[in-house]
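Asker: based on what follows, work out the 3D shape:
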Amino acid sequence: MVIILSLTLLLSPRLGEAIFNLVYFHQLSIPVEVPSLAHGYIWFANGIIGAVMAGWMICIILLARGPFLEGRLHAWNAIAIPLASWFLIDTAFSIAHGVWGNVLLNTATGLLFGIPLLFSRRHFIARH
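Answerer: Okay, here's the model as predicted:
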């Protein structure tokens, strides 16, 4: 799901912008007139966000398919600590700016990753 959103931001900037508008403004378009030059910047910034998200997911996949499956505690920590850090920082920033759609998106993403991580923790504790 995260990689699909990442690719959307990179490969379909108009759709990526519409997704963010839906999260931020609860509509598919920006509620104000934006100069065409600004759209290029918005699409570029969203592409950078997509690239960062894709890199994050590739890292998680590589950890999950290797050392995580082997039960190495550092792999669990390498996934859980950045995930928790992202969630706290991004969600606090979103709350401070009143972007409740992003708070909901973060919560859904956090639960999607967090619940399986929490249930897997005992496997790592038992091995160490």
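
Asker: tell me the mean pLDDT over stretch 10-29?
Answerer: The average pLDDT for stretch 10-29 rounds to 88.

Asker: same check on stretch 81-96?
Answerer: 97.

Asker: mind checking the SS state of I30?
Answerer: Classification of I30 by DSSP: H, G, I helix; E, B strand; the rest coil places it in coil.

Asker: was I right about it contacting N21?
Answerer: Yes: contact criterion C-beta atoms under 8 Å: I30 and N21 qualify, at 5.7 Å. Backbone N, C-alpha and C define where each C-beta goes, glycine included.

Asker: hey, what's in contact with both of the two?
Answerer: By C-beta atoms under 8 Å, 6 or more residues apart in numbering, I30 and N21 have no common neighbours.

Asker: quick check: closest non-adjacent residue to G110.
Answerer: Among residues not flanking G110 along the chain, F87 sits closest, at 4.6 Å (C-beta to C-beta, 6 or more residues apart in numbering).

Asker: so which strand or helix has the one you found?
Answerer: helix 73-96 (DSSP states H and E).

Asker: burial measure for D90, as a count.
Answerer: 17 (other C-beta atoms under 10 Å).
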